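**Q** below are the sequence and a predicted model for it; my questions follow.
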Number of protein chains: 2
Amino acid sequence: MAAINENFLKLKAGYLFPEISRRIRAHKAKNPDAKIISLGIGDVTQPLPPAVISAMKKAVDDQANGNTLRGYGPEQGYDFLIDAIIENDYRARGVDIEPKEVFISDGSKCDTGNIQEIFGGDNVIAITDPSYPVYVDSNVMAGRTGPANEIGQYEKIVYMPCTDDNNFIPDLPDRAVDIIYLCFPNNPTGAVATAEQLKDWVEFARVHKSIIFFDAAYESFITDTSIPHSIFEVEGAKEVAIEFRSFSKTAGFTGVRCAFTIVPGQLKAFTKDGRMVMVNPLWNRRHSTKFNGASYISQRGAAAIYTPEGKKQTKKIIDLYLSNAKLICDSLSKLGYKVYGGRNAPYIWLKTPDGVGSWDFFDRLLTKANVVSTPGSGFGPSGEGYLRLSAFAKQDDVEEAMQRFRKV
Amino acid sequence: MAAINENFLKLKAGYLFPEISRRIRAHKAKNPDAKIISLGIGDVTQPLPPAVISAMKKAVDDQANGNTLRGYGPEQGYDFLIDAIIENDYRARGVDIEPKEVFISDGSKCDTGNIQEIFGGDNVIAITDPSYPVYVDSNVMAGRTGPANEIGQYEKIVYMPCTDDNNFIPDLPDRAVDIIYLCFPNNPTGAVATAEQLKDWVEFARVHKSIIFFDAAYESFITDTSIPHSIFEVEGAKEVAIEFRSFSKTAGFTGVRCAFTIVPGQLKAFTKDGRMVMVNPLWNRRHSTKFNGASYISQRGAAAIYTPEGKKQTKKIIDLYLSNAKLICDSLSKLGYKVYGGRNAPYIWLKTPDGVGSWDFFDRLLTKANVVSTPGSGFGPSGEGYLRLSAFAKQDDVEEAMQRFRKV
């Protein structure tokens, strides 16, 4: 008799985005002429950089000829991309990364979920509240939690509240935890961590022999020169951290699919009886057993981001999103709203006025201004009373949306 | 203290392909002028069909324009591909498949590994011997086995020997098992299952409430009109089977990455206390939580396989590989070898003469004929005394390799 993984039965319904869609549909049904502007989605709107497009076309051509055809590539990714990553994302910032520490994949969502498989089921997981829901759900599926309580938080997970009290940087846990998810620049709050703050986390992880899963999918939005782009800019981090990077938001790869994960050679974990095991070969085994490499075409496209033209074109796109973010922050501040993030991140975390609930303010924006946002409470209970606004939109739409905010 | 998943420590070293590479290198070092021909690898050699190439180029162009840009797609895949699959792979064979039963992915290697996550750790797994090593290794990682014995077989797995005694079609297990891996046309033996044989398996699964993981990655090589391409051609199979399909070997997508899995709506599994749970929503939850859709470009390429030109071009490529397979079978039979498969599959399963061991005969072929094969023992103990020869090669190379066989 085939038995299911009963941990799946603990999962709460994926409520946030379906519910947003339902409310938009209902609003449209009542107001068929409403011109709705979405600042609700974390998906890119700008086309891919021309350098990426032409590299992908050339890669397609390679597949049309027996002499240049690329079949199965290395599961870990092609050297042409790995070398470009090492040189531009790390060596340029004084961080030494070896080729065998880089694992190219088809997305950070997959990587942050799959990485858990090499760790035991009894690890205590610490996750920020609010957070990207995949961190939580994938751990529920893997059985690292008990059931959910009435506010949707799962037993055994150590939640780390991020509020305006701590400037959306979580406090260090007051107990030992084994695996810590951190995401900076943060989705959804747009907060960034300073080198000092990351140093505290690395020190905490070293003391407790824990491992930090550092999600840096939004690092290309960092503008402050003092903010680290990689946790490996902090000394000793290679002994306690895994870093996730993505081309999705950097260069519009959400539909093209390419990302990478750095698993340092010196990173250690332990057996139950305390023997030390190196983590990199474990992940290499998992990655090469259950994954067959990212698309050759996507990898060629990703490598083009690191060419001189690719860098220039990519920066232009990022700058455009950042100018949207600035416009949102400035406009809403002028209107008297409290806004966070949006300076080194594509997300703006808006405090609702007068303690109005996230969903109530979502409804007010939708019905009075035809603007779609994302209720903060969808990312965790500490997101209640906030909305996430996304800078991934067309400039005209952002301007128009800011006009409409005055009416709310 | 971060603890590893100790099941990984049970894994035996991935010995087969690294050892083949090592022996080739050693041979080349001694014989720098040797012109080596590889019939050892299961990777395509023919370029992609022109219809696929032009569809992918158009898809790249779509990404260059804000109005046609495709960001995140549905995790389950685009309708344009799902509809083409339903129409051509299933409805054309009298099988009804609903859109929500189709899950597009980036590869069957991932799917056959990942699908396990929705099933409990205590399921008893039945796997053919020989088999594609990923079935075994991914179950070891998930903790569904004990340690390996001296011949590399893991405790708790029910191995089903496939030998010339049973014509490489496994006998039904003599006990209840929960999950059964079947692969037809088979990698590595090239065997195919008749409708009658599949009916027996479906009946067995119905009686024992087990689930069949049916890997049909090589279905496009079937030439006998009586052989089912899908297990769902057997009545009742939708209640007991999941089917895996891939574009890798059908149309040269090993480097492009696109595949799909059919999880029927009526497929059931159970909780420990016997409650029935529908499997499709579980997989939908897993797939949408830990995967972000296959590349838009790859999906557009895959859809082009189903156009009239795409079908014609794809058939031409398959026919070429099949003519290679026929040449290998015919030539080796004439030389007095016993060969299996190769008629409805790209693989030929060669019995070594005089009971010579797989690795010994591999060495003999390499050193005397400069021909690379794959030792059958690498796929499981029942593969001892066999070699796998692959038809994924250039026609000239196959002809030359057959000439050289005479010298061995």
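**A** Nice, I can see it.
**Q** roughly how far does A:Ile86 sit from A:Tyr306?
**A** Distance from A:Ile86 to A:Tyr306, counting by C-beta to C-beta, to the nearest Å: 10 Å. From N, CA and C alone the C-beta is placed, and that goes for glycine too.
**Q** same question, A:Pro188
**A** 29 Å.
**Q** now do the helix or strand hosting A:Gly301, average pLDDT.
**A** Using DSSP states H and E, the element containing A:Gly301 is helix A:296-304. Computed over helix A:296-304, the mean pLDDT rounds to 98.
**Q** which elements pack onto that helix?
**A** Contact analysis of helix A:296-304 by 3 or more C-beta pairs under 8 Å, 6 or more residues apart in numbering or on different chains; DSSP states H and E lists helix A:50-62, helix A:79-85, helix B:296-304 as its packing neighbours.
**Q** just checking, what packs against the helix or strand following that helix?
**A** Moving toward the C-terminus from helix A:296-304, the next helix or strand (DSSP H and E) is helix A:308-334. Judged by 3+ C-beta pairs under 8 Å, 6+ apart, the packing partners of helix A:308-334 are helix A:50-62, helix A:248-251, strand A:338-341, strand A:347-351, helix A:395-405.
**Q** buried ones in helix A:308-334?
**A** Of the residues in helix A:308-334, those buried by neighbour count under the rule 16 or more other C-beta atoms under 10 Å in any protein chain shown are A:310-311, A:313-314, A:317-318, A:321-322, A:324-329, A:331-332.
**Q** circling back to that earlier point, could the helices and strands packed on helix A:296-304 go into CSV alongside distance to A:Phe184 and mean neighbour count?
**A** Written out in CSV, the entries for the helices and strands packed on helix A:296-304 read as follows (distance: least, C-beta to C-beta, whole Å; neighbours: other C-beta atoms under 10 Å in any protein chain shown):
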stretch, distance to A:Phe184, mean neighbour count
helix A:50-62, 25, 21
helix A:79-85, 19, 18
helix B:296-304, 29, 28
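**Q** out of the ones you listed, nearest to B:Gln266?
**A** Ranking these by their distance to B:Gln266 (criterion: C-beta to C-beta) puts helix B:296-304 first, at 26.2 Å.
**Q** contacts for that closest one, please.
**A** Among residues not part of helix B:296-304, those counted as contacts by C-beta atoms under 8 Å, 6 or more residues apart in numbering or on different chains are A:56, A:60, A:255-256, A:295, A:297-298, B:48-49, B:51-56, B:58-60, B:62-63, B:70, B:73, B:77-78, B:80-81, B:84, B:104, B:106, B:247, B:251, B:253, B:256-258, B:310.
**Q** roughly how far out does it sit from the chain middle?
**A** The chain centroid and the centroid of helix B:296-304 are separated by 20 Å, computed with C-alpha atoms, centre = their mean, to the nearest Å.
**Q** thinking again about what came up before, in a markdown table, list the helices and strands packed on helix A:296-304 along with distance to B:Val277.
**A** What follows is the helices and strands packed on helix A:296-304, written out as a markdown table (distance: least, C-beta to C-beta, whole Å):
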| stretch | distance to B:Val277 |
| --- | --- |
| helix A:50-62 | 42 |
| helix A:79-85 | 41 |
| helix B:296-304 | 30 |
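**Q** so A:Phe103 touches A:Ala259, yeah?
**A** No - the criterion here is C-beta atoms under 8 Å, and A:Phe103 misses it with A:Ala259 at 9.4 Å.
**Q** identify the contacts common to the two.
**A** With contacts defined as C-beta under 8 Å, 6+ apart, the residues shared by A:Phe103 and A:Ala259 are A:Asp111.
**Q** and the pLDDT at A:Gly14?
**A** Confidence per residue is given as pLDDT, and for A:Gly14 that number is 76.
**Q** helix, strand or coil for it?
**A** Taking DSSP: H, G, I helix; E, B strand; the rest coil as the rule, one finds A:Gly14 in the coil state.
**Q** sorry, back to before: which among the helices and strands packed on helix A:296-304 is found nearest to A:Leu267?
**A** With C-beta to C-beta as the criterion, A:Leu267 lies closest to helix A:79-85 of these, at 17.8 Å.
**Q** for that closest one, packing partners?
**A** On the basis of 3+ C-beta pairs under 8 Å, 6+ apart, helix A:79-85 makes packing contacts with strand A:102-105, helix A:296-304.
**Q** how close does the residue lying closest to A:Ile305 once chain neighbours are set aside sit to A:Arg93?
**A** Ranked by C-beta to C-beta, 6 or more residues apart in numbering or on different chains and with sequence neighbours excluded, the top spatial neighbour of A:Ile305 is A:Ala251, at 4.9 Å. Here A:Ala251 is placed at a distance of 19 Å from A:Arg93 (C-beta to C-beta).
**Q** name the residue in the two with the higher neighbour count.
**A** Shown here are A:Ala251 and A:Arg93; by other C-beta atoms under 10 Å in any protein chain shown, A:Ala251 has more neighbours (27 against 12).
**Q** just to check, that one is in contact with A:Pro50?
**A** No - using C-beta under 8 Å as the test, A:Ala251 is too far from A:Pro50 to be in contact (11.2 Å).
**Q** start and end of stretch A:377-396, how far apart?
**A** The straight-line separation of the ends of stretch A:377-396 (C-alpha to C-alpha, to the nearest Å) is 28 Å.
**Q** an error on my part: the question was meant for stretch A:182-191.
**A** Chord length of stretch A:182-191, first to last residue, is 11 Å (C-alpha to C-alpha).
**Q** cool, and stretch A:110-128?
**A** As for stretch A:110-128, its first-to-last residue distance stands at 19 Å under the measure C-alpha to C-alpha.
**Q** what does stretch A:329-342 give?
**A** With C-alpha to C-alpha as the measure, stretch A:329-342 spans 7 Å from end to end.
**Q** stretch A:252-271 too?
**A** Between the opening and closing residues of stretch A:252-271 we find a distance of 40 Å, counting by C-alpha to C-alpha.
**Q** quick one: buried residues of it?
**A** Burial within stretch A:252-271, assessed by neighbour count using 16+ other C-beta under 10 Å, is assigned to A:252-264, A:267-270.
**Q** what do you get for stretch A:129-149?
**A** By neighbour count with 16+ other C-beta under 10 Å, stretch A:129-149 contains the buried residues A:129-145, A:148.
**Q** anything in it near chain B?
**A** Yes - among the residues of stretch A:129-149, A:134, A:137-138, A:141-142 lie within reach of chain B under C-beta under 8 Å from any C-beta of the partner chain.
**Q** which members of these are the farthest-apart pair?
**A** That would be A:Val134 and A:Ala142, which, of those, are the farthest apart (C-beta to C-beta) at 12.1 Å.
**Q** can you count the residues close to A:Thr307?
**A** With other C-beta under 10 Å as criterion, A:Thr307 counts 17.
**Q** before we move on, the earlier item: so who does the residue nearest to A:Ile305 touch?
**A** A:Ala251 is in contact with A:48-49, A:52, A:302, A:305, A:310, A:314, A:317, counting by C-beta under 8 Å, 6+ apart.
**Q** swap in 7 Å and give it another go.
**A** When the contact criterion is C-beta atoms under 7 Å, 6 or more residues apart in numbering or on different chains, the partners of A:Ala251 are A:48-49, A:52, A:305, A:314.
**Q** closest to chain B among those residues?
**A** Minimum distance to chain B across the contacts of A:Ala251 is 4.7 Å, recorded for A:Leu48 (C-beta to the nearest C-beta).
**Q** the closest one: neighbour count?
**A** 28.
**Q** how about the lowest-mean-pLDDT helix or strand in chain A against chain B, any contact?
**A** Every helix and strand in chain A was compared by mean pLDDT, DSSP states H and E; the lowest is helix A:16-30, with a mean of 93. No - judged by C-beta under 7 Å from any C-beta of the partner chain, helix A:16-30 stays clear of chain B, getting no closer than 10.3 Å.
**Q** show me what counts as buried in that helix.
**A** In terms of neighbour count (16+ other C-beta under 10 Å), helix A:16-30 has its buried residues at A:20, A:23-24, A:27.
**Q** ok, then the element right after that helix?
**A** Heading C-terminal from helix A:16-30, the first helix or strand you meet, by DSSP H and E, is strand A:37-38.
**Q** cool, thanks, talk later.
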